[in-house]
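J.: Any chance you could fold what I've pasted below:
(chains A and B)
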Amino acid sequence: MIATRQRLDRRLGALAFLAGLALAAFLVLGWRLAPGPGELGLELRLVVNSTGELGVSPAGQLAVGRGLRPRTDRDGLDAQTTVRNQTADPLRVTVRGRPSSRDLDRALVVTVRMAGRPLFDGPLAGLRAFSRRGASLAPGERAQLSVSVRLPAHAQSGYQARVEDLTLELGTKAR
Amino acid sequence: MTGFAAVGRLLRRCVAIVAWAVAGLVVGIALAAVGPYAIGARSFTVLSGSMEPTIHTGDVVVVRSIAPLEARIGDVVTFRDPQNNRKLVTHRLRRVDVVDGTAAMVTKGDANNTTEKWSVSASGRIGRVQYRIPYIGRVFSSVRGRGGGFFVLLLPVILLGIYEVIRLWRPKRHEGIKGKPRLPIDNCAE
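T.: Numbers count the residues shown, from 1 in each chain, chains lettered A, B, ... in the order given. As a prediction, this is how the structure comes out:
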């Protein structure tokens, strides 16, 4: 009777030990790091700074988009800031882009609006020079600057795993 | 046999089962941490939070050696710190460019704002993290300290002491041949 009980205890102990090992294996499976997806999205930092004539608030880094990919709901970066004419003269405001590299010139589509008026809408490459269209700002007047950056569906490569800055420069001309 | 004795035996059995299960779990996790050495993998304790929340400080990562071109963007890789060759860094791979037999890598910690650029021969080796074991690196680190060493020496002694106390405390069972009870000792002839 005692020997039978001891045998049972030994078997239960062995089973419990194996169950512990199995639990450890199960836990380790859960702690595996998923392999890389093969491609990462774009990390884009959007920057707008004040100039002598125009005050920008908030200024500096307006937004950061991480994991931007085409054809996903995270495929765009939107930001807004307020621009104020700090001079005593009416100004015509234009915009141009200064990306940290030229690699995204064809991949990114940028839309810039001021006070609801489009200043630029097209590939980043077209924003190297100051936009043809401008918006007028009376002395002391404020206007909202909206920026939208998208990776269109045809952007197949060139953006993966990149970390880029897009600085928007505001240009002025007295009217 | 009294009911108390039966309950006591059942309790002891349950405690023994739980103890064996915990022992199996501990052995299994220890095997997961050091076992991969047998197949050429290595394990490292993570000392910073640069990969939070994917990998926490004090986790142990088990790393398999791969060629740089086997790595995929998004993999978590271990490499020598370009600024301090004696230090290993585990960060996520963001970009690989191979030029003239050299793989230029860009990596970034999930919790970091900046990337780091480093290069390795395209025929060289880097480490790819296979899995992590949460927090046991803290145990390893404390064991390396003076107090930890003392604990490691003392623990088996304490466990052995407990085992001996239990053995003395448990009633002795006299078994005869083939499991039959022996005669009481005072009835035996010398």
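
J.: In the chain, mark out all the strands, start to finish.
T.: Went with chain A since none was named. Ranges of strands within chain A are A:42-48, A:54-57, A:60-68, A:76-85, A:91-99, A:109-114, A:117-123, A:135-137, A:142-150, A:163-174, based on DSSP state E.

J.: Let me rephrase: I mean chain B.
T.: Counting by DSSP E, the strands of chain B are B:42-45, B:60-66, B:76-80, B:88-99, B:102-108, B:115-121, B:126-133.

J.: May I see those strands arranged in CSV, with mean neighbour count as well?
T.: The way it works is simple: take the backbone N, C-alpha and C, and place the C-beta from them, glycine included. Formatted as CSV, the strands of chain B follow (neighbours: other CB atoms under 10 Å in any protein chain shown):
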stretch, mean neighbour count
strand B:42-45, 18
strand B:60-66, 20
strand B:76-80, 21
strand B:88-99, 19
strand B:102-108, 20
strand B:115-121, 16
strand B:126-133, 22
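
J.: out of these, nearest to residue A:162?
T.: Residue A:162 sits nearest to strand B:88-99 of all the strands of chain B, at 7.0 Å, using CB to CB.

J.: could I get the strands of chain A as JSON lines with mean pLDDT, distance to residue B:84 and mean neighbour count?
T.: Below are those laid out as JSON lines (pLDDT from 0 to 100; distance: least, CB to CB, whole Å; neighbours: other CB atoms under 10 Å in any protein chain shown):
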{"stretch": "strand A:42-48", "mean pLDDT": "89", "distance to residue B:84": "26", "mean neighbour count": "22"}
{"stretch": "strand A:54-57", "mean pLDDT": "94", "distance to residue B:84": "40", "mean neighbour count": "16"}
{"stretch": "strand A:60-68", "mean pLDDT": "87", "distance to residue B:84": "28", "mean neighbour count": "16"}
{"stretch": "strand A:76-85", "mean pLDDT": "92", "distance to residue B:84": "35", "mean neighbour count": "18"}
{"stretch": "strand A:91-99", "mean pLDDT": "94", "distance to residue B:84": "32", "mean neighbour count": "20"}
{"stretch": "strand A:109-114", "mean pLDDT": "94", "distance to residue B:84": "40", "mean neighbour count": "21"}
{"stretch": "strand A:117-123", "mean pLDDT": "93", "distance to residue B:84": "42", "mean neighbour count": "16"}
{"stretch": "strand A:135-137", "mean pLDDT": "93", "distance to residue B:84": "51", "mean neighbour count": "20"}
{"stretch": "strand A:142-150", "mean pLDDT": "93", "distance to residue B:84": "37", "mean neighbour count": "18"}
{"stretch": "strand A:163-174", "mean pLDDT": "89", "distance to residue B:84": "23", "mean neighbour count": "18"}
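
J.: buried set for stretch B:33-43?
T.: For stretch B:33-43, the neighbour count (16 or more other CB atoms under 10 Å in any protein chain shown) marks B:33, B:36, B:41, B:43 as buried.

J.: Which two among the residues you listed are spaced furthest apart?
T.: Counting by CB to CB, the most remote pair of these is B:33 and B:41, 10.6 Å apart.

J.: okay, and the common contacts of those two?
T.: Residues touching both residue B:33 and residue B:41 by CB atoms under 8 Å, 6 or more residues apart in numbering or on different chains: residue B:62.

J.: Am I right that residue B:59 is in contact with residue B:133?
T.: Yes. Contact criterion CB atoms under 8 Å: residue B:59 and residue B:133 qualify, at 6.5 Å.

J.: gap between the closest residue to residue B:32 other than its chain neighbours and residue B:30?
T.: Spatial nearest neighbour of residue B:32, excluding adjacent residues (CB to CB, 6 or more residues apart in numbering or on different chains): residue A:28 at 4.6 Å. To residue B:30, residue A:28 is 11 Å away according to CB to CB, to the nearest Å.

J.: I'd say the residue nearest to residue B:32 and residue B:131 touch.
T.: Yes. If you go by CB under 8 Å, residue A:28 and residue B:131 touch, sitting 5.9 Å apart.

J.: higher neighbour count, residue A:28 and residue B:30?
T.: residue A:28 (19 against 13; other CB atoms under 10 Å in any protein chain shown).

J.: Kindly state the pLDDT recorded for that one?
T.: pLDDT, residue A:28: 92.

J.: same deal with residue B:83?
T.: Per-residue pLDDT puts residue B:83 at 84.

J.: Residue B:181 too?
T.: 51.

J.: And for residue B:73?
T.: 82.

J.: Say whether chain B is contacted by stretch A:58-65.
T.: No. Using CB under 8 Å from any CB of the partner chain, we find that stretch A:58-65 stays clear of chain B, coming within 9.1 Å at best.

J.: State the distance from the residue positioned nearest the centre of chain A to chain B.
T.: The residue lying closest to the centre of chain A (CA atoms, centre = their mean) is residue A:65, at 1.1 Å. According to CB to the nearest CB, to the nearest Å, residue A:65 stands 14 Å off from chain B.
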